[in-house]
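Student: Structure, please.
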Amino acid sequence: MRASVAIENFLEMMSAERGAADNTLESYRRDLESVAETLAARGINLPEAKADDIRHALDGMAAQDFAASSQARCLSALRQFFRFLYAEGFRQDDPTGVIDTPKKQKPLPRILSVDHVTRLLDRAALEANEAAEADEHLKAVRLHALLETLYATGMRVSELVGLPASVVRTDHRFLIIRGKGAKERMVPLSQKARDALQRYLQLRDAMPGADENPWLFPALSESGHLARQVFARELKGLAARAGLNTASVSPHVLRHAFASHLLQNGADLRTVQQLLGHSDISTTQIYTHVLEERLHKLVSEHHPLAD
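Tutor: Numbering: from 1, shown residues only. From the prediction side, this is the model:
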């Protein structure tokens, strides 16, 4: 069977029997026709291809700098195609069954240096002290409290803006955070974060209707508390005023900075996992590059044979 006929039959089956969307069918067509063309240049008919032929085609994609996700998508289309040929009796095997899916490389998390975080926090503190107008003063003090708390705890931005006011009513050297899956974890608070929260709490409690709102950071929103997008926007503005690249600053980047700076200063991966609220250590392992850098520096500085 010619490749073009096999591809058309496969697409017709995907449309009629599985109700595949037009975009999905077009994606399958592009990937299958591309591989068919690559194999035809070597005198190989796609429906008759062997596992090594498929690997050759995928290697060609890699050589052209196609992303691993693109290669994986193409292989997925090929798997469906050859399963169809097997089910219809056109083949006695599936050559894609022994081919591993190309692995996506996890990008390293963007982080801020300690110096850049310090500049952010110093700018937030300066604006909290200098803002004269009542509304601006409240927003500046709130932003300072948000930043100090986020960098001190590394909590998710959704956890931060959704903190209940009750968590800081008592001895708040520690915060109890309710994270994903309603799981609770305890994280310590720095003295600077405690001071910034107490200062903000005094202003918050003086707000009209504050007693009726259970959230630490109340707002006129559907949820009743500060929206993540509002915090992110205010943080970008602060970064610009602090002379930092706004594209490199976000609440999630500060969470990464918290974790990376802990590891740089001697914390172990398990501790960071618990503080971040990761259920699986593999999620925390995106920070292993920090550990590798620390170990390399340790050996370079202390090994007797190091240059």
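
Student: C-alpha from now on. contacts and neighbour counts both.
Tutor: Will do.

Student: In this protein, where is pLDDT below threshold?
Tutor: Scanning the chain for pLDDT under 70 picks out the ranges 103-110, 171, 288-307.

Student: where exactly do the strands run in it?
Tutor: Secondary structure of the chain (DSSP state E): strands at 174-178, 184-188.

Student: can you put the ones you listed in TSV and add mean neighbour count?
Tutor: Shown next, in TSV, are those (neighbours: other CA atoms under 10 Å):
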stretch	mean neighbour count
strand 174-178	18
strand 184-188	15
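
Student: Same list (those) but as a markdown table, adding distance to His225.
Tutor: A markdown table is the format used below for the strands of the chain (distance: least, CA to CA, whole Å):
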| stretch | distance to His225 |
| --- | --- |
| strand 174-178 | 16 |
| strand 184-188 | 20 |
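
Student: wait, which of those strands is closest to Ser221?
Tutor: Across the strands of the chain, the minimum distance to Ser221, taken as CA to CA, is reached by strand 174-178, at 20.8 Å.

Student: now that closest one, how far from the centre of its chain.
Tutor: Here strand 174-178 is found 22 Å from its chain centre; the criterion is CA atoms, centre = their mean, to the nearest Å.

Student: Could you spell out the sheet neighbours of that strand, each with its direction?
Tutor: Using DSSP bridges, the strands paired with strand 174-178 in its sheet are strand 184-188 (antiparallel).

Student: which other residues reach the strand it pairs with?
Tutor: Ala152, Thr153, Arg173, Phe174, Leu175, Ile176, Ile177, Arg178, Gly179, Gln274, Leu275, Gly277 (CA atoms under 8 Å, 6 or more residues apart in numbering).

Student: how about it as CSV, C-alpha atoms only?
Tutor: The C-alpha trace of strand 184-188 is given here as CSV (Å, rounded to 0.1, in the frame of the first residue of the first chain):
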residue,chain,number,x,y,z
GLU,A,184,-1.1,21.6,55.6
ARG,A,185,2.5,22.4,56.2
MET,A,186,4.3,24.6,58.7
VAL,A,187,6.9,27.2,57.6
PRO,A,188,9.0,29.5,59.7
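
Student: so how far is Asn129 from the residue nearest to Ala20 when sequence neighbours are not counted?
Tutor: Leaving aside its chain neighbours, Ala20 sits nearest to Met14 (5.6 Å; criterion: CA to CA, 6 or more residues apart in numbering). Separation of Met14 from Asn129 (CA to CA, to the nearest Å) stands at 64 Å.

Student: More neighbours: these two, which one.
Tutor: Shown here are Met14 and Asn129; by other CA atoms under 10 Å, Met14 has more neighbours (19 against 13).

Student: wait, what's in contact with the nearest residue to Arg173 once chain neighbours are set aside?
Tutor: The shortest distance from Arg173 to any non-neighbouring residue, by CA to CA, 6+ apart, is to Leu189 (5.3 Å). By CA under 8 Å, 6+ apart, Leu189 lies in contact with Thr149, Ala152, Thr153, His172, Arg173, Phe174, Leu175.

Student: try Ala77
Tutor: Ala77 neighbours (CA under 8 Å, 6+ apart): Tyr28, Asp31, Leu32.

Student: shouldn't the second one be in contact with Cys74?
Tutor: Yes. Assessed by CA atoms under 8 Å, Asp31 is found in contact with Cys74 at 5.4 Å.

Student: So the two - more neighbours on which side?
Tutor: Taking other CA under 10 Å, Asp31 and Cys74 do not tie; Cys74 has more neighbours (22 against 19).

Student: pretty sure that one contacts Glu33?
Tutor: No. Between Cys74 and Glu33 there is no contact, the gap being 10.4 Å when judged by CA under 8 Å.

Student: how's this structure carved up into domains?
Tutor: 3-98, 114-300 (automatic domain parsing).

Student: quick one: the helices in the stretch 151-300 of the chain?
Tutor: Applying DSSP state H, counting those that start in this stretch to the stretch 151-300 of the chain gives helices spanning 157-161, 191-205, 228-241, 251-264, 269-276, 281-284, 288-302.
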